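Engineer: pasting a predicted model and its sequence here:
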Amino acid sequence: MEQRTEPYVVHEEPGLKKYCSCGLSKNKPYCDGSHHGTGKHSYKVQIDEPKTVAICGCGLSSTKPFCDGSHQSLKKT
């Protein structure tokens, strides 16, 4: 995934969501199938109720596809 210094914050409605795991999608944070042939797979998440989520953009989160704040280590002081 590209190294952003902020997560993608999106409001989601209920349903199955597929988030990019390879960094190649042209529709980040969502998967557009660009990973085919890379050996990677999208992150599939079932959203049960409307809510706002923070999707990792830096690739460092230990709770992918969700942000855990790891991007803070990338910010310059």
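Structural biologist: Arrived safely. Numbers count the residues shown, from 1 in each chain.
Engineer: strands along this structure, start to end?
Structural biologist: Assigned by DSSP state E, the chain shows strands spanning 8-12, 15-19, 43-47, 51-55.
Engineer: kindly export the last one (C-alpha atoms) in CSV.
Structural biologist: These are the backbone C-alpha positions of strand 51-55, laid out as CSV (Å, rounded to 0.1, in the frame of the first residue of the first chain):
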residue,chain,number,x,y,z
LYS,A,51,-20.5,3.7,10.6
THR,A,52,-17.4,5.7,9.9
VAL,A,53,-14.2,3.7,9.6
ALA,A,54,-10.6,4.7,9.3
ILE,A,55,-8.8,2.5,6.7
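Engineer: next, the angle from it to strand 8-12.
Structural biologist: Orientation check (axes from the mean of the first three to the mean of the last three CA atoms, to 10 degrees): strand 51-55 against strand 8-12 gives 150 degrees.
Engineer: now do strand 51-55: which elements does it pack against?
Structural biologist: When contacts are defined as 3 or more CB pairs under 8 Å, 6 or more residues apart in numbering; DSSP states H and E, strand 51-55 sits against strand 8-12. From N, CA and C alone the C-beta is placed, and that goes for glycine too.
Engineer: can you list the strands that the strand it packs on pairs with?
Structural biologist: Paired strands of strand 8-12, with direction, are strand 51-55 (antiparallel) (DSSP bridges).
Engineer: what's the angle from the partner strand to strand 43-47?
Structural biologist: With the same axes, to 10 degrees applied, the angle from strand 51-55 to strand 43-47 works out at 160 degrees.
Engineer: and the angle from strand 51-55 to strand 15-19?
Structural biologist: For strand 51-55 against strand 15-19, the angle by the same axes, to 10 degrees is 20 degrees.
Engineer: can you give the contact residues for strand 51-55?
Structural biologist: Applying CB atoms under 8 Å, 6 or more residues apart in numbering, the contact partners of strand 51-55 are 7, 8, 9, 10, 11, 12, 19, 29, 47, 65, 66, 67.
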